[in-house]
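Trainee: sequence below, structure please.
(3 chains)
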Amino acid sequence: MYWYHYLGLAALVVFAVAMLWHFLRLIREGNPKDFSKKTGNLVKAEAYAYTTAMMPNHKETAYLHIPTFTAGALFHIGTFISILLFAVFFFISPAQFPLWLSRILTVCILAGAACGTGLLIKRMVVKKMRDLSHLDDYLSNFLTTLFQLFTILYLMLPHMFAPVYYIEVTVLLLYMPIGKLRHVLYFFAARYHLGRFYGWRNVWPPKK
Amino acid sequence: MEKLTTEQIDKALHLLKMRPDSKLETHLNACVHCGLCAESCMYYKTLHDDRYMPARKVELVAALYRKYCTLIGRVAPFLVNARPLDEQMAEEMTDALFGACTMCGRCVKHCSIGVDIAYVVHFGRRMLAAMGLVPATLQATVDAALQTGNNMAIPTADFVDTIQWMEEDLQDECGSEARIPLNETDKNILYTLNPREPKFFPLSIAALAKIFFAAKESWTISTDMYDVTNYGLFSGNNEHAKSIAKRLHDEVFNKHCKILVLGECGHGSRANRWEGPNYLQHSYEFETITAVELINTYIREGRIKLDKSLNQELVTLHDPCNLVRNGGLESELRYTISQSVTHFKEMTPHGIDNFCCGGGGGQLAMSEYNERRIAIGKIKADQIRNTGAKVVVTPCHNCVDQLIQLNNIYKLNVKIKTIAEIVADALVLE
Amino acid sequence: MAELNFDGDGFLTNPEVWNDEVALQIAQADGIEMTDKHWAVVRVIRNNFNEKGNAPMIRTICKETGLKLKDIYELFPLGPARGACRVAGLPKPDGCV
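Mentor: Numbers count the residues shown, from 1 in each chain, chains lettered A, B, ... in the order given. This is a model prediction of the structure:
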């Protein structure tokens, strides 16, 4: 392990502690107490909320916006692969990756980075998106897209890009808990509360 | 607007700082500004004003949250858009949260993340209410309910006179055994009304009385407390909402009834069925159901007989947001309609995806934003026109009133009926 | 003629300036041609407002004009509140209207 490995590891610990703090705060605050008489099934509603409810045919934000929805999905896939690789890199150096695997991963992540860039441009160009956005929105996208690009570079040229890759990851991990990237946690919390709300009133899962 | 006093600001911030559970915390932290909710909102779709995107409404409250409840918001407000509560903010909040949201929750159901936008909007209204910034016309409706026991300030003598008039009409049709029993005790059902019925549109009272007569129901209406509405739900003043809900709750005990039946009123049903127990902080000791569920049960159990050939015109159904997307009665409504009319056509979209009539969230009571209400109603008008229906049925008097206006302005040429009215038209008396 | 002030809903906010001419003006905007029956309804509403300060019950309107409910809904397609009361120059009633 080199110094930059330790740097990345330290950032990971800080990130984990910060997100754990967010998580424990939610747990401490607890569910809202609902005194009304429940009519639905919470388990089924939660299952729906985390799965089918997000399918493109169930969600207008998806089926009315297929290009953006697809770009968003690919951007997220690229990010997940990159995160997975970040963990793997502690055990296997990218230099040891077989070429075919590196190439497949590169293509997948590149697609994600391209979509991330596209979404960033959309945010800057489309007026309603610009009006909705703040520094945090641009920075969050930028750091994530950059993370994907550096993952690719590190995969292809491990010796040259190792330090800069870990520095980028460190910045990203430290920024995540304070910017909107903390939706990595709050996304699941929001879907939980939504499933609970609709499930309590027998709205979800839909009846047809 | 007038300068905010420190006291006003403190009251609003107090609400924000004492977040009672993880729900508010979650929804104020979850939005990623993807902006895709815009096209799910009637206001944005019609007015194309960026400020009315659902995400922007959440952002107003979230910006305050970041300013006063997060470290990063205090240290680097420019980075995460943390904003102070000042006159500018209060003005923007009033315009967007009171003036440009029916709290229909359509954006909530479709949100990429699952942010309960309507819940955040309601919370924002609570902050505005704490500062005394509820729009005057909405507050007047709440005040009328608090002071007189019904939101149209109808004197008891006038109410009784109207009910007797409807009873006479009913008896002309069904015989002297058909009644509208007032202030009787130990009945099965305590029935409630939207004050708009006795004041201006009493036919729905007679229609429901006819259904009760056919079902041989034991029921009563209390002249002391019959108002099903609760505009405290919309004004954001939970204390007001609580006192209004408590009166109806207590009246069930006063009249020794077993079931509280909520008249055809979307927000009133929500306020008493789902929110009431939480305002009062205890579960209700009696059953609380909506008129929609009651009629549905009568049909299923064979307590009333319907001949749907008596309703021959093409009918469509408007799903009130508070009964369907926020109340779970989608299939109950459809079953009742399927048993009551010969020809039925759904709107596109419908059910839990339906568009609001445009008059929800207290909009109908707020003259301040009338033009917007009529403008966004065009979406509903077009939906209705596209079905080709001659009759629009909806179990909500608030929706009925908005639809009457849309019918007139957009020249739809339809009749608008409540569920009780369409069912009563198909009723076969034995 | 005194200045007419309307709220967002088109209800007069200064009902004291109302007169027959104003009624005609509001009715015309709604596409209503005022007949004797229309005037009868408007007079009942106006008298009630002058005496009690609010809109009468539909019951009162029917009783005093001798018209049936159905007739009133036909005369004023926007209903007794947004239709008739507005023509009669009343401020907007509270509630779901």
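Trainee: run a quick neighbour tally on the residue of chain A found nearest chain C.
Mentor: Nearest residue of chain A to chain C, counting by C-beta to the nearest C-beta: residue A:201, 22.5 Å away. (Each C-beta comes from the backbone N, C-alpha and C, glycine too.) Neighbours of residue A:201 under the rule other C-beta atoms under 10 Å in any protein chain shown: 22.
Trainee: ok, now which ones touch it?
Mentor: With contacts defined as C-beta atoms under 8 Å, 6 or more residues apart in numbering or on different chains, residue A:201 is in contact with A:39, A:40, B:274, B:326, B:327, B:328.
Trainee: which other residues reach the longest helix belonging to chain C?
Mentor: Longest helix in chain C, counting residues (DSSP state H): helix C:36-52. Outside helix C:36-52, the residues that touch it by C-beta under 8 Å, 6+ apart are C:15, C:18, C:23, C:27, C:32, C:34, C:54-56, C:60-61, C:64-65, C:67, C:71-72, C:75-76, C:84-85, C:87-90.
Trainee: can you do 7 Å?
Mentor: For helix C:36-52, the surrounding residues in contact (C-beta atoms under 7 Å, 6 or more residues apart in numbering or on different chains) are C:23, C:32, C:55-56, C:60-61, C:64-65, C:67, C:71-72, C:75, C:84-85, C:87-88, C:90.
Trainee: grab the nearest non-local neighbour of residue B:310.
Mentor: residue B:426 (4.8 Å; C-beta to C-beta, 6 or more residues apart in numbering or on different chains).
Trainee: residues touching that neighbour, list them.
Mentor: Per C-beta under 7 Å, 6+ apart, neighbours of residue B:426: B:306, B:307, B:308, B:310, B:311, B:340.
Trainee: for residue B:111, the count of nearby residues, please.
Mentor: There are 29 residues near residue B:111, going by other C-beta under 10 Å.
Trainee: helices along chain C, start to end?
Mentor: With DSSP H as the criterion, chain C has helices at C:20-29, C:36-52, C:58-65, C:69-75, C:79, C:86-87.
Trainee: of those, flag the one that's most buried.
Mentor: helix C:86-87 (a mean of 28; mean count of other C-beta atoms under 10 Å in any protein chain shown).
Trainee: got the phi/psi numbers for the closest residue in space to residue B:39 that isn't next to it in sequence?
Mentor: Nearest in space to residue B:39, with sequence neighbours left out and distances taken as C-beta to C-beta, 6+ apart, is residue A:64 at 5.3 Å. Residue A:64 adopts backbone torsions of phi -90, psi -10, taken as degrees, to the nearest 10.
Trainee: might one say that residue A:64 is in contact with residue B:37?
Mentor: No: the pair residue A:64 and residue B:37 fails to qualify as a contact (C-beta atoms under 7 Å) at a distance of 10.4 Å.
Trainee: would you mind measuring from the closest residue to residue A:95 other than its chain neighbours to residue A:197?
Mentor: Nearest residue to residue A:95 in three dimensions, chain neighbours excluded: residue A:158, at 4.6 Å (C-beta to C-beta, 6+ apart). Distance, residue A:158 to residue A:197, using C-beta to C-beta, to the nearest Å: 48 Å.
Trainee: more neighbours: which of the two?
Mentor: For residue A:158 versus residue A:197, neighbours defined as other C-beta under 10 Å are more numerous around residue A:197 (25 against 17).
Trainee: OK, contacts around that one?
Mentor: residue B:116.
Trainee: can I get whatever helix or strand it lives in as CSV, trimmed to CA atoms?
Mentor: Using DSSP states H and E, residue A:197 sits in helix A:183-200. The C-alpha atoms that make up helix A:183-200 are tabulated as CSV, following Å, rounded to 0.1, in the frame of the first residue of the first chain:
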residue,chain,number,x,y,z
HIS,A,183,-29.2,10.9,-1.3
VAL,A,184,-27.3,7.6,-1.4
LEU,A,185,-28.9,7.3,2.0
TYR,A,186,-32.0,9.6,1.9
PHE,A,187,-33.2,8.0,-1.3
PHE,A,188,-33.9,4.8,0.5
ALA,A,189,-35.4,6.7,3.5
ALA,A,190,-37.7,8.7,1.2
ARG,A,191,-39.0,5.6,-0.5
TYR,A,192,-39.5,4.0,2.8
HIS,A,193,-41.7,6.8,4.0
LEU,A,194,-43.5,7.0,0.8
GLY,A,195,-44.3,3.3,0.8
ARG,A,196,-45.4,3.7,4.4
PHE,A,197,-47.7,6.6,3.6
TYR,A,198,-49.4,5.0,0.6
GLY,A,199,-49.4,1.6,2.2
TRP,A,200,-51.2,2.8,5.3
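Trainee: just the pLDDT for residue 79.
Mentor: Just so you know, I chose chain A. At residue A:79, the pLDDT value in this model is 98.
Trainee: oops, I was thinking of chain C
Mentor: In this model, residue C:79 carries a pLDDT of 92.
Trainee: ok, it touching residue B:404?
Mentor: Yes: if you go by C-beta under 7 Å, residue C:79 and residue B:404 touch, sitting 5.7 Å apart.
Trainee: could I get the average pLDDT for stretch B:292-308?
Mentor: Stretch B:292-308 comes out at a mean pLDDT of 97.
Trainee: wait, stretch B:351-359
Mentor: 97.
Trainee: what's the burial count for the closest residue to chain A within chain C?
Mentor: Using C-beta to the nearest C-beta, the closest approach of chain C to chain A is made by residue C:96 at 22.5 Å. Counted with other C-beta under 10 Å, residues neighbouring residue C:96 total 32.
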